[in-house]
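Visitor: Curious how this folds, go ahead:
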Amino acid sequence: MQPTNNFNELGLEPTLLSGISELGYHSPTLVQKHSIPSLIKGQDLLVQAQTGTGKTAAFTLPILSELNLKKMMPQALIIVPTRELAVQVAESCKKYAKPLKKFRVIPIYGGQSYHIQLKALKQGVQVIVGTPGRLMDHFRRGVISIESLKTVILDEADEMLNMGFIKDIKWILNQIPHRHQIALFSATMPDAIKKIAKDYLKDAKKIHIKPDKETTNNIEQYFINIPNNEKLRTLIHFLATEDIQSAIVFVNTKNASSEIAEKLQSYGYTAAALNGDIKQSIRKKILDQMKNGSLDIIVATDLAARGIDVARISHVINFDLAHAKESYTHRIGRTGRAGRKGKALSFVTSKDHRLFNDIKATSHGSITQFKVPSLKEVKENNLRRFSQKITDIIQDNKELSPYYKIIDLITHENKCSLKDAAAALIYLNQQINPALENMNTDYEHGKNKKNYVHENFKAKKTTNFKKKRFSSKKTTNFSRGKRNHK
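Guide: Below you'll find the model as predicted:
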């Protein structure tokens with residue numbers, strides 16, 4: 001029988017269906033069509049599906065549909081690799097369960113007070129979403145009741161493997177001796193994940209959602225062979241020539257995320273670092289700003305980027321190539337979501353060639369070599385954007401009359417032409433926002449190519465974008481500020 005194209009025919013509780021419809025969901029995705037009916041029937045599942053295919057709803061909706069809301073005890077346990085994903089999945093549960101009365105879910109993860117989590121568990125919850133380490137702590141304390149637990153979900157299992165959590169997962173699964181349903185979801189299927197499935201899943205239904213042509217074509221994939229000391233300059237040129245709504249720049253260390261975010265800010269971009277040192281409350285503010293358009297670029301490590309789901313992300317840049325080929329799939333899956341187009345660019349240094357060849361061999365869709373924008377192209381693009389902004393202001397009938405008086409004052413008192421006045425105003429604009437222009441001018445006038453980016457990368461911290469912007473204290477504003485100039 002062919003899977004249905006209607007949520008009403010998947011076997012979900014009618015109460016849930018009204019909430020799904022209100023959220024604007026009308027047709028289930030492929031992974032939802034194949035997974036939801038099987039989970040409702042109580043089958044074990046082994047699901048391979050890429051990030052951004054609707055996996056979260058594929059397991060949360062059947063869980064919610066089968067809950068006994070009169071019983072305030074854990075009935076489903078969802079294990080995820082990071083605190084960020086734990087919070088996101090818990091929020092999704094709340095969103096989908098809006099029509100359900102007396103529903104309670106708790107995210108459990110390291111970095112949050114034990115007191116908060118213990119209090120919530122004592123009050124009673126039906127769904128627990130947690131990271132392996134903190135879940136183990138609570139199991140050892142004996143505060144997680146397993147008496148009514150009937151479903152366990154392993155989400156992003158390959159990421160948990162990469163992060164070294166497989167032994168922890170086995171330990172947790174061994175704490176639940178009675179028969180229960182297990183569903184394992186993973187973007188890739190390494191041998192270690194297959195072994196987990198063989199050892200713990202019973203007569204599991206295997207579901208493999210292959211990216212269809214449309215999904216693959218949603219993300220244009222590119223790479224650049226590049227020396228390490230040319231990365232920053234190339235990143236700035238790329239950002240200057242692309243029509244970017246918002247972007248994630250991936251790096252491999254916490255320090256790099258903070259340093260590159262600062263450099264991007266100094267070049268006039270609204271950017272913020274996202275790494276393991278950022279508190280959850282600050283992370284939420286960063287993502288909220290990304291969603292509402294007041295922040296354009298996040299510079300993130302793999303761990304911190306887990307669970308990011310922002311529809312307006314148009315570009316993913318792998319400033320540092322991921323250590324594992326599986327992580328490449330997760331990274332580029334941050335763009336091209338919900339049917340939108342996206343672009344992914346990877347910087348490949350000489351030491352990355354072997355790993356990158358593995359990525360190309362296993363990646364869906366072709367990865368094309370990208371031509372680095374020239375300095376001339378960057379300047380032409382900047383001029384084109386600046387010209388378009390002026391045209392838009394004129395065409396939008398902005399109230400310009402006060403500024404006409406200023407122009408009249410300048411031209412009459414100084415006896416200069418309108419052309420001279422306009423040129424001077426453009427010059428002043430570049431003085432206020434000089435970063436890219438200054439960088440290009442310096443580079444053009446003979447800065448040594450080898451040393452230029454390295455010197456600029458490690459050196460100057462701009463006065464208004466100090467490291468405290470990335471601390472846990474009052475870091476609510478990541479918007480562009482003014483800079484002081486001589």
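Visitor: can you pull out the helices in the stretch 351-486 of the chain?
Guide: For the stretch 351-486 of the chain, the helices defined by DSSP state H, counting those that start in this stretch cover 353-362, 375-395, 401-414, 418-432, 435-444, 449-458.
Visitor: what pLDDT, on average, does the fifth one get?
Guide: The predicted model assigns helix 435-444 a mean pLDDT of 44.
Visitor: Find the residue closest to residue 49 in space, skipping its chain neighbours.
Guide: residue 209 (4.0 Å; Cβ to Cβ, 6 or more residues apart in numbering). To be clear about C-beta, it is placed using only N, CA and C from the backbone, and glycine gets the same treatment.
Visitor: coming back round to it: could the helices of the stretch 351-486 of the chain go into JSON lines alongside mean neighbour count and distance to residue 346?
Guide: What follows is the helices of the stretch 351-486 of the chain, written out as JSON lines (neighbours: other Cβ atoms under 10 Å; distance: least, Cβ to Cβ, whole Å):
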{"stretch": "helix 353-362", "mean neighbour count": "14", "distance to residue 346": "7"}
{"stretch": "helix 375-395", "mean neighbour count": "12", "distance to residue 346": "20"}
{"stretch": "helix 401-414", "mean neighbour count": "11", "distance to residue 346": "45"}
{"stretch": "helix 418-432", "mean neighbour count": "12", "distance to residue 346": "32"}
{"stretch": "helix 435-444", "mean neighbour count": "16", "distance to residue 346": "23"}
{"stretch": "helix 449-458", "mean neighbour count": "15", "distance to residue 346": "18"}
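Visitor: which one of those helices lies closest to residue 167?
Guide: Shortest distance between residue 167 and the helices of the stretch 351-486 of the chain, using Cβ to Cβ, is found for helix 353-362: 25.4 Å.
Visitor: Remind me what the closest one packs against, helices and strands.
Guide: Under the contact criterion of 3 or more Cβ pairs under 8 Å, 6 or more residues apart in numbering; DSSP states H and E, helix 353-362 touches helix 325-332, strand 342-348.
Visitor: Packing partners of the first one?
Guide: Same thing as helix 325-332. Secondary structure elements in contact with helix 325-332, counted by 3+ Cβ pairs under 8 Å, 6+ apart, are helix 157-162, helix 302-305, strand 315-318, strand 342-348, helix 353-362.
Visitor: now for these, which one comes closest to residue 394?
Guide: Among these, strand 315-318 sits nearest to residue 394 (Cβ to Cβ), with 29.5 Å.
Visitor: mind checking the SS state of the closest residue to residue 368 other than its chain neighbours?
Guide: Distances taken as Cβ to Cβ, 6+ apart place residue 222 nearest to residue 368, at 5.4 Å, with adjacent residues excluded. Of the three states, residue 222 takes strand under DSSP: H, G, I helix; E, B strand; the rest coil.
Visitor: burial count for residue 222?
Guide: By other Cβ atoms under 10 Å, 16 other residues sit near residue 222.
Visitor: Output stretch 105-116 as PDB, restricted to C-alpha atoms.
Guide: Provided in PDB are the C-alpha atoms of stretch 105-116 (Å, rounded to 0.1, in the frame of the first residue of the first chain):
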ATOM      1  CA  VAL A 105       7.900  17.300  28.700                       C
ATOM      2  CA  ILE A 106      11.300  18.100  30.200                       C
ATOM      3  CA  PRO A 107      14.700  18.600  28.500                       C
ATOM      4  CA  ILE A 108      17.500  17.100  30.600                       C
ATOM      5  CA  TYR A 109      21.100  18.100  29.800                       C
ATOM      6  CA  GLY A 110      24.400  19.100  31.400                       C
ATOM      7  CA  GLY A 111      24.900  22.700  32.200                       C
ATOM      8  CA  GLN A 112      21.500  23.200  33.700                       C
ATOM      9  CA  SER A 113      20.800  23.100  37.500                       C
ATOM     10  CA  TYR A 114      20.100  19.600  38.900                       C
ATOM     11  CA  HIS A 115      17.500  21.200  41.200                       C
ATOM     12  CA  ILE A 116      15.400  22.400  38.200                       C
END
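Visitor: Go through that stretch and flag the buried ones.
Guide: Buried residues in stretch 105-116, counting neighbours by 16 or more other Cβ atoms under 10 Å, are found at 105-109, 112.
Visitor: who's in contact with it?
Guide: 82-83, 86-87, 89-90, 93-94, 97, 117, 120-121, 125-131, 133-135, 137-138, 279-280 (Cβ atoms under 8 Å, 6 or more residues apart in numbering).
Visitor: Looking at the residues you listed, which are in strands?
Guide: 127-130 (DSSP state E).
Visitor: Stretch 40-54: how far from the chain's middle?
Guide: 21 Å (Cα atoms, centre = their mean, to the nearest Å).
Visitor: one step back: now, of the contacts of stretch 105-116, which are buried?
Guide: If we count by 16+ other Cβ under 10 Å, the contacts of stretch 105-116 have these buried: 82-83, 86-87, 89-90, 93, 97, 117, 120-121, 125-131, 134-135, 137-138, 280.
Visitor: Report the rounded mean pLDDT for stretch 406-426.
Guide: Computed over stretch 406-426, the average pLDDT equals 85.
Visitor: I'd like to check what contacts that stretch. Which residues are they?
Guide: With contact meaning Cβ under 8 Å, 6+ apart, stretch 406-426 is reached by residue 386.
Visitor: Start and end of that stretch, how far apart?
Guide: 15 Å (Cα to Cα, to the nearest Å).
Visitor: Equivalent analysis for stretch 45-65, please.
Guide: 17 Å.
Visitor: same deal with stretch 141-149?
Guide: 17 Å.
Visitor: what does it contact?
Guide: Contact with stretch 141-149 is made by 68, 71, 73-77, 118, 121-122, 128, 135, 138, 175-176, 178, 180, as judged by Cβ under 8 Å, 6+ apart.
Visitor: For residue 20, see how far away the most centrally placed residue in the chain is.
Guide: The residue lying closest to the centre of the chain (Cα atoms, centre = their mean) is residue 308, at 3.2 Å. Distance, residue 308 to residue 20, by Cβ to Cβ, to the nearest Å: 23 Å.
Visitor: Neighbours of residue 196, how many?
Guide: Residues near residue 196, counting by other Cβ under 10 Å: 23.
Visitor: my bad, residue 48
Guide: 19.
Visitor: give me every residue that touches the residue lying closest to it once chain neighbours are set aside.
Guide: Take residue 48 and drop its neighbours on the chain: the residue closest to it by Cβ to Cβ, 6+ apart is residue 208, 4.6 Å away. Contacts for residue 208 (Cβ under 8 Å, 6+ apart) come out as 47-49.
Visitor: Can you add pLDDT, distance to residue 191 and secondary structure and give those back as a markdown table?
Guide: Below are the contacts of residue 208 laid out as a markdown table (pLDDT from 0 to 100; distance: Cβ to Cβ, whole Å; DSSP: H, G, I helix; E, B strand; the rest coil):
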| residue | pLDDT | distance to residue 191 | secondary structure |
| --- | --- | --- | --- |
| 47 | 95 | 17 | strand |
| 48 | 93 | 13 | strand |
| 49 | 88 | 19 | coil |
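Visitor: from those residues, which is closest to residue 32?
Guide: If you rank the contacts of residue 208 by distance to residue 32 using Cβ to Cβ, residue 49 comes first, at 9.8 Å.
Visitor: how close does residue 111 get to residue 164?
Guide: Residue 111 is 18 Å from residue 164, by Cβ to Cβ.
Visitor: er, residue 134 actually
Guide: When residue 134 is compared with residue 164 (using Cβ to Cβ), they lie 15 Å apart.
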